[in-house]
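# coords please:
(one chain, ligands or ions: 1)
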Amino acid sequence: MNALFEFAWIVVLYMVVSRVFGKILQARVTTSKKDENRADGLEQRMDLAEEIRTHRENIVEVVKDECCGAYVPKDKAYQIVDEDGNTHYFCGWDCRQKYVLENK
Ligand SMILES: [Zn+2]
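Residues are numbered from 1 along each chain as shown. You can find the predicted model right below:
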């Protein structure tokens, strides 16, 4: 009786496991068959785009606003070049004006 129960349990377990695995395998096969090349190419391109974006973010120079202390991307910052040839960066026109008034 006990052995029979064990056997039945193993059979049920086997059926459940094989069914779950079968479904996973089937899902994989169908998705990879659908757009085998396209999905891979797209994924690779996405990865590359992501990599380029992160690299670009790292490359972008950030400057400090001397008026309010904010950090601004250099290409978006307002600039003043003083008599000594030093460039000062600002987050906006207001900060630039403040600096100009304070350093007259
Ligand atoms: Zn500012």
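
# okay, and the helix or strand of the protein with the least pLDDT?
Every helix and strand in the chain was compared by mean pLDDT, DSSP states H and E; the lowest is helix 36-59, with a mean of 75.

# That one: how far from the chain's middle?
10 Å (Cα atoms, centre = their mean, to the nearest Å).

# At the contact with the ion, which residues of this protein appear?
65, 67, 68, 70, 91, 95 (Cβ under 5 Å from the ion). Where you see a C-beta, it was placed from the backbone N, CA and C, and this is true even at glycine.

# Nearest to residue 18 among those?
residue 70 (61.0 Å; Cβ to Cβ).

# what number of residues lie near the closest one?
Per other Cβ atoms under 10 Å, the neighbour tally for residue 70 reads 16.

# Can you read off the backbone torsions of the nearest residue to it once chain neighbours are set aside?
Of all residues not flanking residue 70 in the chain, residue 91 sits nearest, at 4.4 Å (Cβ to Cβ, 6 or more residues apart in numbering). Main-chain dihedrals, residue 91, degrees, to the nearest 10: phi -80, psi -30.

# Tell me where the protein has strands.
62-64, 71-73, 78-81, 87-90 (DSSP state E).

# export the ones you listed to JSON lines and tack on mean neighbour count and mean pLDDT?
Putting the strands of the chain into JSON lines (neighbours: other Cβ atoms under 10 Å; pLDDT from 0 to 100) gives the following:
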{"stretch": "strand 62-64", "mean neighbour count": "16", "mean pLDDT": "94"}
{"stretch": "strand 71-73", "mean neighbour count": "14", "mean pLDDT": "94"}
{"stretch": "strand 78-81", "mean neighbour count": "13", "mean pLDDT": "94"}
{"stretch": "strand 87-90", "mean neighbour count": "20", "mean pLDDT": "96"}
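
# Output those strands in TSV; the columns should cover distance to residue 49.
Converted to TSV, these look like this (distance: least, Cβ to Cβ, whole Å):
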stretch	distance to residue 49
strand 62-64	22
strand 71-73	20
strand 78-81	31
strand 87-90	29
